[in-house]
Structures are given as C-alpha cells and as structure tokens.
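# What follows is a predicted protein model with its sequence.
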Amino acid sequence: MSAVDEGTFTALRGQLQQAAAAFADGPRALEGILLGIVDDVDRAVREPLEIFPVCHHSPASALAMARRLREKQPKVVYLELCEDMAPLLTELRNCRLPVAVQAYATEVDGFPAEWAPLSVVAPITEASAEYQAIAYALDTPGVELVLVDRSSDHVFQWRENGDGTAEPADADAFVEEEAALHGDAVGVEIGDLRPRFAELEEHLLRHGRVRHWSEWWHQYVELPLGDSDHATYLQVMLLIGSLFRRLAPGDPHRVRVDEDRERHMWTRMRSHLAATGTDPADCIYVCGAFHAASRVAEFGVDGDDAFDISAPSATRWQHGLIPSSHAAIEAQFGLTAGSVSIAATQFAKNLRRTRVVPYRLTGQAGSGTAKKGARKTAQAAATATAALPPGGAPAEPDRLTGFLQRPPVLDRLDETELLGWSVEIVRAARRNGYLASTADAIAVFETSILLAGMRDRAKPTPYDFQDAAVTCIEKDRVPGRRDVRRLTEIMLGGDRVGRVGYDALPPLARDVHDRLAPLALRLQQRGVQRALLDMTSRPELEQCSDVLWMLRYLMPHGAARPVMGERRLGERPIQESWDLALGTHQRALIELGYEGVSIEQVLEQRLRRTAYGPQATTATVLEAVEDATLYLHSRRLADELGLHALEVLATERSVDGAPEVLRRARRLLGHYRTSEPSLPAWIEAFVKTGYAHYCTLLPTAFADDDASVRQVAAMLGFLFSMESLALSLGCDRAQLELAVAQSHPEDPAKTALLWAAEAQLGRLSRTDLRARCDALLANPLVVPAYPRYLSGFLHALEPVPQLADFVVEAVSHAFARLPDPVLLPWLPTLITTLRDGGDLAPLLIREAGRVFPGRLAALDAWVPPWHGEPAAEPAGPSRAGSAGRGALPLLAAHPATCDATAHLLGCEGTWQVAAPAPAGPVLLARHPRTAQALQVLLGGTAQ
C-alpha cells in the first residue's frame, strides 16, 4: 500500500479525544486506548508491504480477498499458515472442500511421551480468504506462495507452559461423527478474531441483542462489509483487530506466543524479500486482523532482525490432507453450530450480488462455474492495474470515520426468501416425524419477523429464523434423529463434508483402494456399502478378504465390519459378507498412511509396539503372536514375538493373566500340531518354562486371597493339559506333585479345586472324594458354605474334565439336600460361572445328558448310578424266562445267513438243538485245571 498523508486520520483522532473526555472520568484513561487503535490502523496502512487482514471462514474476507487479488495481481503472497505445510497445498485441487491440512507425528523426540501422537490441522473451506489466496497463487503463472507462520513443531514448542505441561485443547470433545473428523488434533487457523476480554464480549452480545458471538459477527461485521470497497474493509478490519488486541487480558503466555508468531512471520518475510529482491509493493501479506495490528519491534519490512527462530525438535513429522466438515470446524474452534454453513451460504449470496468471480483451483470438483467470466474479469483487472501510477495504488482517504458514523443499513425484507425457508423447514420437519402443517409455516414466517423487530432488525437473519422455527415447531420430545435446530442448520447450508481425492491420498491409502478394486465398489463414497465375497468361484477375492481383516484390526469400529464369516487359525474363508464405510472413515485411513507404506507394515509395527510395550503381559504377547499368524501369515514375526512371550512369562510374578495364557497357548499349540510338521522351538520352550513357572507359583496362588479360583484353575489347566508335552521335553512330574502337596488353601472353592487336582494325580480316589462331600453335607455348620465348594468343583472342570460325572453327582446332591435359603442365593453364581467358563457348560450338559434318562416316563423309576443300587426290573417275564428271547432262537429259526457266512469263512458244522440253561458254572466243569491250580496255590487240597 502506498503511503498515506499525515493528516489522514486527524479528524478521527479529534473526535475520539472528545469522546474520551465526555465518557470517561478523565481524558487519559480512555484516550490511550482509542487513539492507540487509530495509530495501529495508521501504522498498518502506511506499511510498504500491503497487509490484508482477514477473519477465519468469513465470507466478507473471502469476497474482499478475491476482489483485491484481481485488482492488485501481486507476485508474492505471504500467508499466515504453518510453513511446513506448503508442499501439500498443490494437492488441494484433487480434493473436495472442506479439507484440513494435517501434520502428524506418532513418535515424539523432544516432547513429553504422554503427548504422543501429535497432530496439527488447518481446515480450509471455499468461503475463506486463505483459499482464495492459495488458488490465485497456485494457478497464476509467475506468482509465488510463501507460508510464513511457525512450523508444526513450533506449535508444540510454544504451546508448552512454564511448568512443562501443555495447554488444554482448543475445543471440547464433540459427539457427532462429522464433528469428530479432526480427532484430538490442535487446530490452527488464519484470522482467529474473537474478543479475549469476557466482559467485552458479554457487552457486545447484550447490546447487540444476540445469543452468541457468531451471530453478532454476522449481523454487525459480515453484512456491512459485504458491499464495502477495499479501503473500508481494510481499515475496519484493522480497527477490530486492534480493539480486541488492546482489550485482551494480560495472559503472559498467550501474549508471548502471539508476539513470537508475529516476529516469526515478519522475520521470514524480510528474509524472503532480501533473498529474492522482490519489491514489497508487489507483495501482499494475508494474516489475521489480530496480528495485522501488531506492535512488536520486528513489524514491517524495516523492522528489527533480532528475533532468533529456534531449531525444530528431532520429532519426525508426516504431512497429509484429511477430510473436514463444517461441524468439525465449528467444534474445534468453539463456533456456534451452523455458523460455518451459514457463512458459506452468505458467501454464495455475496458472489451473486457483487458478480465477483472467486478463485478456484483448476480441476477441482465444482470449479466449472468459476471459469465462466473469469477471463473477462482477469483482463479487466489487468487493464486497471496497468493504468495505475508507477508508485502503486493511489492514496486511500479516511473511510473509517464515515463507516463509524453511518447508521445501520436496514435491508429490505425479502418475503420470498423467508417464505421459502418457512415452507422448507415444515417439509423437513414432517419428513423427520414432526406433526407440522401449513399453519406452522405461517407461524414461523410471522415469528421470524417479530423476533427481528424485537432485535432492531428489519430483515430476519438466519439466526432469527432458527429461533422462530424452534419456538413454533419443536415439541417436548424429538420424534426422530434430528431436532428442529439441526434441521434448520441443514436447510440453511447443511454440514458439507469434504473428501480427499485419490491422487492426494498417501501411498498406503491408494494401495488399499487398488487391492480392493476387485470388489467393484465406490470406496471413497460416504456411507455403508455391502461387499459379498465368494472365494470359491472367485479365488482372487481371498486377497481382498486379507485386506479387509487387517483394516478391521487397524481402523475404528464400523470402517470394515464383517456381517458373515470369521477368521480362525488353520481355517480358509469360503464366503464372507462385509459392511464397508471407508469413505466415512477416510481420515483414519489417511493417518494409517503416516505410519507406513502398506497395511502389512503398519500392522507389524502395531503388533511389535503392543508386544514390547511397558504394560505388555504374557497374554498380550501371545495375542500378538496369534494376530501375526492370523492376519500376516508371518512365521518369522510369530517366532520372534513367541520368544519375547517366553521372556515376559519368566519375569511375571502374578497369575492374573493365567486364563488368557491358557486359552491362547492351547489354541496356538493346536494350530501348530495340525498345520506344521513339527512344533516351533519357541512353543516347546514356552510349555517347558510355563510348566516350571506355574508349579513354582501354585502354592502361593492357593494361599493368596487376591488370586481368584478361575486363575488357579487356569494354572492347573495349563499344568495338566501341557503335562505330556512338558514331560517329553524333560520336565519332572515330581515338581507338580510337590507343588500340590505344599498347597494349603483356606477358601472352600480353592479347597475343592485342590481335591480335584489330587484326584487327577491319583492321591485321592473317587470314593474318598465322595466321602468328603458327604461329610460336608452332613455337617450343619458347613452346609451354608457348601455352594462355594461346588463352585470350586465347577472350575475344576477346566483342568480335570474327567470329573464331569462327579460334578453332576455333586450338583444333584446339592439340589436334593441343600435347603432353599442356601441353594437359591447360589444359583446366580452357578449361572455366571457356567457362562464365563466357556466350555464348562457344554461339558456339564453333555455329561448330565448321559447320566439322566432321556424320557420323562422313565424318570420315576430311574435310580442315580452313584447310589450303587440296581434299577428295578419292569413287570413281565422273569430273567430266566427271557433267555428264549435272545439272538440264538432267532438265528436257529433263520439259519441261512449263518450258513452263508460259515461257507464264506470255510467253516464246517451242523446245527444243534439248544439245551436248557445250565444251573452251574459249565465252563469250570469243562475246564477244572485252572480252579484246581488256584486251590493248591491257596493251600487247599485239589479234588
């Protein structure tokens, strides 16, 4: 901007001095603030390098930016954006806005470990001044775009407080899916323009008769500046930035960060000007209005060069583009819901009204309309630029005084637009379950006008219409998924969700799309799509199945969800059905690309990180071994993680993970036995070490109150089920016998578990075990605790499944002999034990089905086998008389079959008549020598 005459703001200074003397106790208190604001504006306007102040996602700023770029045609555009994000901006043409430029670091070096992962996002919308500057610079030959703000690494360097802790996140968590597109990233934006003085914001909202800051800005800044010229826009934005800056509270840390950012940006700009020799008059500096009114010594092309930019840390940063949305931007930066959508709608209205052609990147989705008339506008702008004097633009007069003295412009009521809104919101409400009618549309129309009049506005704003719709249509209960407020936000602009194009995706994401191409689905489209995989008819789909299972492991729930099919060790898929939503979860897929170039590499890194983490247990390492075998089919990685599981097991001193260790060890052992010619060395060493390890911990676990019965049962299950393999590898069974002998539990459940172990080792017979249970039931003092013994026997089915018949017997005795006050409270424990035990319930039910009669009619005459009494014979012929009903009479009556069989075998003989059943031992009479020898051995006399 060319220099401004010394007396440009003289009249304004005099009026502000009079106002300060009239409204303040003395001219000094307020005069310093008001005159300082004018000085800030004057200083920024006089700067040789033109400063263009903006507000983030402001349609007025975007419109003024597009108009100014076509008028000035600068050769260098300095932009307030993280300098390390510059290489990604060319990929914006492959995306559908809004998107966010992201810097991401999974591992930190130089920052606290609890900060990881680090993420910085800068969202970009079409209705923003930064996008207009980016599109102009990238598509105009000979124009250079230079990002001058601090790097992503410095965002976290300067974000750290003096005590070493980080500042809180910029926005609270947001529950909706579209609002969570940025995750927990730290947001950076161009032109954060909001009062930092709470009393000032409250004063503006109260006197402006609005509910929130976005509505105040829309009413008193966006609408008046929408039709203003460049000089008015420039001076007003500088005034607002200076006002908010001078009335900001004195937070030392935040003030220091803001000033360091300004020093950083001016240092970078002066360095670039000196290196390239560019004339400052051919440049433009696009920054937030808050930073445009800076008072640091480094301000301007002639400022000091004393600022030393610190070196970045050793953290390795990855950069990419992720999809964004209006809701995500509002949630991250604390804006009112729907304000970004309303701003986009206002930007489109401003373009139609002013006929300004915005800049859009060539080849970008939706850029076709921008080409119409762009060439004529550019030629006109070039002619106007050529007609300017050599010194640049002419000196602009004081437009600030006239803007401040001008009364609010009362826009004419657009009844057609308001009527269309009213009809449309009623139609949307009816589609979502509301009982709305034409009368509600009339009520919304009239209430919008009434609210606007109460707030001193001739034309209802979108916020007035939203309040009127909620007042007239909303009920006590929301009948559908969306309430009326959300419906108005969708109607007035909707929550536009961006998408990153294929060419702008990282290599991993492109590789995923290429490998899933045989599915013939539009995977970049948002929403859920069904994929059917028949590997029998199309074997090539098995590779797609492998990719989908890895995506299910790595990505959030819902990105790849199997409807039919499962993956187990040793099994091959035949048919599968999947619900895929990769377009909805595009950000998660892109962030996977920051960790590696293929999903196999990322999965291997995740498994290693899990297995070698500080909180890793034997169970988690075995889970990593199983996942490596299941998803990667990697014997090398499985063997490496298996050896690490052996090391972790040897260092554990608790039995908390024993059930999980047993389950996974059994599964892996069964898989290797069926799929490998020999067991891997690590699994043999694991069984041998685990046998000795659990034998050592067994007496302590029996006596430890913190060790549950399920955990002790899992230890015994490992010892008994792996015993044959462990003994073949050189283990000694005496170690297990000593461990059991040294165990002295006090808990009834663990006592029953110990009895089961002794029965398995042969130290306790079934008769003795049955006698101990009968003694417990016979003791009235022990009867209340008997259900706890039964719980121990139920858990004993895990290590000693051979006791299933005895457990059925014990439970039957309990139901028969225990009183109801003791039995009934134990039934929930019985149910939960069987439910959590996995295979316990099928084993118990199968044994009960074998013992109990299968027909209800036979139940009355049934005698339990553990009673030892023969069952009563049914009425009918005696046992002696039933001999004639055997197989011999049937064969004698039909000898043809036996004759044919004898002839086939070469046997000869004749049929004999069956003699009466012998009364004594016929076999001993025919062969007496055995009995005689036995009698001699016993000292008798042979006869």
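Sure, I can see it.
# So which residues of the stretch 301-450 of the chain form strands?
Taking DSSP state E, counting those that start in this stretch as the criterion, the stretch 301-450 of the chain contains strands spanning 318-323.
# now it, which segments are flagged as low pLDDT?
365-414 (pLDDT under 70).
# Apply 50 and report the result again.
Low-confidence segments of the stretch 301-450 of the chain, defined by pLDDT under 50, are located at 367-395, 410.
# In it, what residue spans correspond to helices?
Listed in chain order, the helices found in the stretch 301-450 of the chain under DSSP state H, counting those that start in this stretch are 326-332, 339-354, 368-371, 374-386, 400-405, 415-431, 438-454.
# and the last one, what does it pack onto?
In terms of contacts (3 or more Cβ pairs under 8 Å, 6 or more residues apart in numbering; DSSP states H and E), helix 438-454 is packed against helix 415-431, helix 462-473. For glycine as for every other residue, the C-beta is placed from the backbone atoms N, C-alpha and C.
# what angle do that helix and helix 462-473 make?
Orientation of helix 438-454 against helix 462-473 (axes from the mean of the first three to the mean of the last three Cα atoms, to 10 degrees) gives an angle of 140 degrees.
# any chance of the helices and strands packed on helix 438-454 in CSV, with mean neighbour count and distance to Ser294 too?
As requested, the helices and strands packed on helix 438-454 are exported to CSV (neighbours: other Cβ atoms under 10 Å; distance: least, Cβ to Cβ, whole Å):
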stretch, mean neighbour count, distance to Ser294
helix 415-431, 17, 41
helix 462-473, 23, 33
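# just so I know, which of these lies nearest Pro48?
Distances from Pro48 to each of the helices and strands packed on helix 438-454 were compared by Cβ to Cβ, and the smallest falls on helix 462-473, at 40.8 Å.
# which residues touch that closest one?
Identification of contacts with helix 462-473 by Cβ atoms under 8 Å, 6 or more residues apart in numbering yields 210-211, 215, 218, 338, 342, 345, 418, 421-422, 425-426, 429, 434, 436, 440, 443-444, 447-448, 450-452, 455, 457, 460, 484-485, 487-489, 492.
# What's the ChimeraX syntax to select whichever of those are buried?
The buried residues among the contacts of helix 462-473 can be selected in ChimeraX (16 or more other Cβ atoms under 10 Å) with this line:
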select :210,215,218,338,342,345,418,421,422,425,426,429,434,436,440,443,444,447,448,451,452,455,457,460,484,487,488,489,492
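# secondary structure class for Val77?
Local secondary structure at Val77 is given as strand here, using DSSP: H, G, I helix; E, B strand; the rest coil.
# which residues does it contact?
By Cβ under 8 Å, 6+ apart, the residues touching Val77 are 133, 136-137, 143-146, 283-284, 286.
# ditto for Met491
Remark: with contacts taken as Cβ under 8 Å, 6+ apart, Met491 is in contact with 421, 424-425, 428.
# change it to 10 Å
For Met491, the contacting residues are 338, 341, 420-421, 424-425, 427-429, 462, 465-466, 469, taking Cβ atoms under 10 Å, 6 or more residues apart in numbering as the criterion.
# which stretches of this structure have low pLDDT?
For the chain, the stretches with pLDDT under 50 are 1-6, 20, 23-24, 26-27, 161-177, 367-395, 410, 869-884, 942.
# In it, which residue is most central in space?
Pro556 (4.4 Å; Cα atoms, centre = their mean).
# Just the element for the nearest residue to that one once chain neighbours are set aside, please.
Counting by Cβ to Cβ, 6 or more residues apart in numbering, the nearest residue to Pro556 once its immediate chain neighbours are dropped is Ala588, at 5.5 Å. Assigning secondary structure by DSSP states H and E places Ala588 in helix 586-593.
# between the contacts of Met491, which is nearest Phe307?
Ser341 (39.6 Å).
# surely Leu582 meets Arg552?
No. In this structure, Leu582 is not within contact of Arg552 by Cβ atoms under 10 Å, at 11.4 Å.
# Of the two, which one has the most company?
Leu582 (24 against 18; other Cβ atoms under 10 Å).
# and the residue nearest to Pro556, how many neighbours?
Ala588 sits with 17 neighbouring residues when counted by other Cβ under 10 Å.
# how much space is there between it and Leu508?
Between Ala588 and Leu508 the distance, using Cβ to Cβ, to the nearest Å, works out to 12 Å.
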